[in-house]
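[1] fold the following, please.
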Amino acid sequence: MSKKPDAVLVKAATLLDDELSHFEGLLQELKAPVNSEKALQRARQRLEECSACEEKLAEHLRAFALAMQVMQARQQECMQLLNERAEGLQARLLDRNALVQRINQLGQKAGQVSDPISALAEPAWESPTPELLSSVAEMSARLESVIAEAAAVATSAKESDWADVARDADALKQQLTAVRGKLLLGQRKLASRAPS
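    Numbering: from 1, shown residues only. Down below sits the predicted model:
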């Protein structure tokens, strides 16, 4: 099992720090006065250790730099994923807003169509006039158009996985279908009373 990249970075930093501390310790020992053969031998030995320590420091620095590059690549990958997710969320928001706007417009159209139908009093259905027949035919056509639009919005919302918006569009469609039922009933009354 490979080590996690952050564990590699920590290990590289720890090894580098330990080696640097060892190097600093050797340099402190080199500050001791050299006033005997033994002190001279010890100083020469510390110089050789310092040389070996410099090589190890260079190795640890390379390992640390490589671990940092891996961490930087991970960080860049995270930033790229974050940007992609933010763009995806923005697209979803725009999609939802467009669907909600369509439902709001449908609500206005539905009111413009259903209010005149609801306003027709029962006596109006009793006496067919050419104007009433023409008005009812126009309202019927407009109502069918709005019902079709509501169905299209519901379908779009379902396809886009916006269940709440689809539910609202379906509810509007059902309300309009009920109004259509009232209108059809009125049209039948008018047809039965129309002169032949």
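[2] from here on, just use CA atoms for contacts and neighbour counts.
    OK.
[3] biggest helix in this protein, by residue count?
    Assignment by DSSP state H gives helix 37-119 as the longest helix of the chain.
[4] torsion angles phi and psi at D161?
    phi 70, psi 40 (degrees, to the nearest 10).
[5] give me the neighbour count for it.
    D161 has 13 neighbours, counted by other C-alpha atoms under 10 Å.
[6] can you check F64 too?
    Neighbour number of F64 under other C-alpha under 10 Å is 21.
[7] per-residue pLDDT, it?
    Looking at F64, its pLDDT reads 94.
[8] was I right about it contacting A12?
    Yes - using C-alpha atoms under 8 Å, F64 is in contact with A12, at 5.0 Å.
[9] domain-wise, how is this protein divided?
    5-84, 95-193 (automatic domain parsing).
[10] which one of the ones you listed has the lowest average pLDDT?
    domain 95-193 (a mean of 85).
[11] and that domain, how far from the chain's centre?
    34 Å (C-alpha atoms, centre = their mean, to the nearest Å).
[12] stretch 60-68 now?
    Averaged over its C-alpha atoms, stretch 60-68 has a centre that lies 36 Å from its chain's centre (C-alpha atoms, centre = their mean).
[13] so what's the most centrally placed residue in the chain scoring on pLDDT?
    In the chain, the residue lying closest to the centroid (C-alpha atoms, centre = their mean) is L89, at 2.3 Å. pLDDT recorded at L89 is 97.
[14] check R85 too.
    With respect to pLDDT, R85 has a value of 97.
[15] and it, how far is that from C78?
    10 Å (C-alpha to C-alpha, to the nearest Å).
[16] G107 too?
    Applying C-alpha to C-alpha, the value for G107 to C78 is 43 Å.
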